[in-house]
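Trainee: Following is a predicted model, sequence given first.
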Amino acid sequence: MSTWDPDRYLQFADHRARPFVDLVARIEGSPASIVDLGCGPGQLTDVLHTRWPSARVHGVDSSAEMIDRATSRPADDRATYELADLATWTPSGPVDLMVSSAVFQWVPRQLDVIERLSRHVADGGTFALQVPRNYDGPSHTLLRDLAATEPYAAHTAGIPGDRGTDPVVYLDLFARRGWTVDLWETTYFQVLQGPDPVFDWISGTGARPYLQALPDDLRGAFVDVYRAALRDAYPAAPYGTVLPFRRTFVIARRES
C-alpha cells in the first residue's frame with residue numbers, strides 16, 4: 001500500500017486549496033454538520049469554518065500520515081478527524097454537507113461510493129465535490145508511457161491510469177434521483193516556481209503510486225527520465241512554469 005507525504009502534498013498548498021475555495025464559495029445554505037471526505041492534513045478545515053463559523057466539521061481520510069498531521073493542528077472543538085476508507089465508511093447520522101476535494105478519482109467504483117454516501121445527506125442538504133480531469137495532459141501521459149516500458153512495467157502493472165470521469169456522469173447520478181445539480185469545469189493555469197516544479201507537483205499526488213511501486217535501484221533512473229520529459233513538455237519561462245490543470249466541480253442539492 002502506498003503512503004502519503006503531507007509535507008510534499010502541502011508544498012503547493014495554495015494551488016491545491018484554490019479549487020476547494022471556489023467549490024465552497026458556490027455552496028448555498030448554512031450547514032450545521034459537515035463531513036470533509038478525504039480531508040488530508042486538515043488544512044482546508046479553516047476554509048469551511050471561515051464560510052460557516054459555527055458548523056461542526058468531521059474529516060475522514062484513509063491515510064494515517066494525513067490524519068496524524070490533521071490531529072496535530074491547534075485544538076478546535078468544532079473539528080474532529082477519523083482514519084477510515086471512504087469505500088466502506090458510513091456517517092453516524094444525517095449530514096447537512098458532504099464535501100470532497102480531489103478524492104474520488106482515487107476511489108475504486110467511485111460512483112457506487114458517491115451514491116451510497118449521498119444517501120446520508122439530510123433533506124435539503126448538499127453533496128459537493130471537485131476532481132481533476134487532466135489525465136490527457138503530458139504530466140500523465142508521459143508518466144503512463146514511461147511506466148509501461150521495461151524495466152519499470154514489471155513493477156507498475158496494475159496501477160490505475162486514466163481515472164478521469166465524464167462530468168455528465170456525475171450530473172446523471174444525482175439528477176436522476178431528483179437532486180438539483182450545479183456542474184462546471186475550470187482550467188487553472190498554475191504558475192509554478194523551481195527547477196522541476198511539475199515533477200514536484202505530481203510526485204505528491206498522481207505519480208506517487210508509480211514512484212512507490214518501483215524498487216530503489218530503478219526509481220532514480222525513472223525519475224531522471226520523467227523529469228527531463230516534463231521539462232520539455234512544460235518549458236520554464238522567466239516568470240515560472242505554467243501547468244494547465246482542468247478540474248470538474250459538482251454541487252448537488254437534495255430536495256427537502
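Mentor: Cool, got the structure.

Trainee: Below-threshold pLDDT in the stretch 51-200 of the chain: ranges please.
Mentor: For the stretch 51-200 of the chain, the stretches flagged by pLDDT under 70 are 161-162.

Trainee: Kindly list the longest helix within the protein.
Mentor: In the chain, taking DSSP state H as the definition, the longest helix is helix 216-233.

Trainee: Would you mind listing the buried residues in that helix?
Mentor: Within helix 216-233, the residues that count as buried by 16 or more other CB atoms under 10 Å are Arg219, Phe222, Val223, Tyr226, Ala229, Leu230, Arg231. The way it works is simple: take the backbone N, C-alpha and C, and place the C-beta from them, glycine included.

Trainee: which one among these gets closest to Pro53?
Mentor: The nearest member of the buried residues of helix 216-233 to Pro53, counting by CB to CB, is Leu230 at 41.3 Å.

Trainee: residue contacts, the closest one?
Mentor: Residues near Leu230 by CB atoms under 8 Å, 6 or more residues apart in numbering: Pro138, Ser139, Leu142, Asp196, Val198, Phe199, Ile202.

Trainee: Inside helices: which ones of these?
Mentor: Counting by DSSP H, the part of the contacts of Leu230 found in helices is Pro138, Ser139, Leu142, Val198, Phe199, Ile202.

Trainee: correct me, but the fifth one touches Tyr226?
Mentor: Yes. In this structure, Phe199 is within contact of Tyr226 by CB atoms under 8 Å, at 6.7 Å.

Trainee: residues shared between the contacts of the two?
Mentor: Ala207.

Trainee: Spatially central residue in the chain, please.
Mentor: In the chain, the C-alpha nearest the mean C-alpha coordinate belongs to Ala102, at 1.7 Å (CA atoms, centre = their mean).

Trainee: The nearest residue to Phe174 once chain neighbours are set aside: neighbour count?
Mentor: Take Phe174 and drop its neighbours on the chain: the residue closest to it by CB to CB, 6 or more residues apart in numbering is Ala252, 3.9 Å away. As a burial measure, Ala252 scores 24 neighbours (other CB atoms under 10 Å).

Trainee: Doesn't Ala252 belong to a helix?
Mentor: No. Read with DSSP: H, G, I helix; E, B strand; the rest coil, Ala252 is strand and lies in no helix.

Trainee: Show the pLDDT at it.
Mentor: Here, the pLDDT recorded for Ala252 equals 98.

Trainee: these two touch, right, it and Ser118?
Mentor: Yes. Contact criterion CB under 8 Å: Ala252 and Ser118 qualify, at 7.3 Å.

Trainee: what do the two both touch?
Mentor: Between them, Ala252 and Ser118 share these contacting residues under CB under 8 Å, 6+ apart: Phe127, Phe174.

Trainee: one step back: report the rounded mean pLDDT for the longest helix of the chain.
Mentor: Averaged across helix 216-233, the pLDDT comes to 97.

Trainee: Let me see the ranges of the strands in this protein.
Mentor: For the chain, the strands defined by DSSP state E occupy 33-37, 56-61, 79-83, 95-101, 121-132, 180-192, 241-253.

Trainee: Output those as CSV; include the columns distance to Leu44.
Mentor: Shown next, in CSV, are the strands of the chain (distance: least, CB to CB, whole Å):
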stretch, distance to Leu44
strand 33-37, 7
strand 56-61, 9
strand 79-83, 11
strand 95-101, 6
strand 121-132, 11
strand 180-192, 16
strand 241-253, 15
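
Trainee: among those, which is nearest Ala70?
Mentor: Of all the strands of the chain, strand 79-83 comes closest under CB to CB, at 4.5 Å.

Trainee: Alpha carbons only: can I get that closest one in CSV?
Mentor: In CSV, the C-alpha atoms belonging to strand 79-83 read as follows (Å, rounded to 0.1, in the frame of the first residue of the first chain):
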residue,chain,number,x,y,z
ALA,A,79,-13.4,19.8,14.2
THR,A,80,-12.8,16.1,14.5
TYR,A,81,-10.8,13.7,12.3
GLU,A,82,-11.1,10.0,11.6
LEU,A,83,-8.9,7.4,9.9
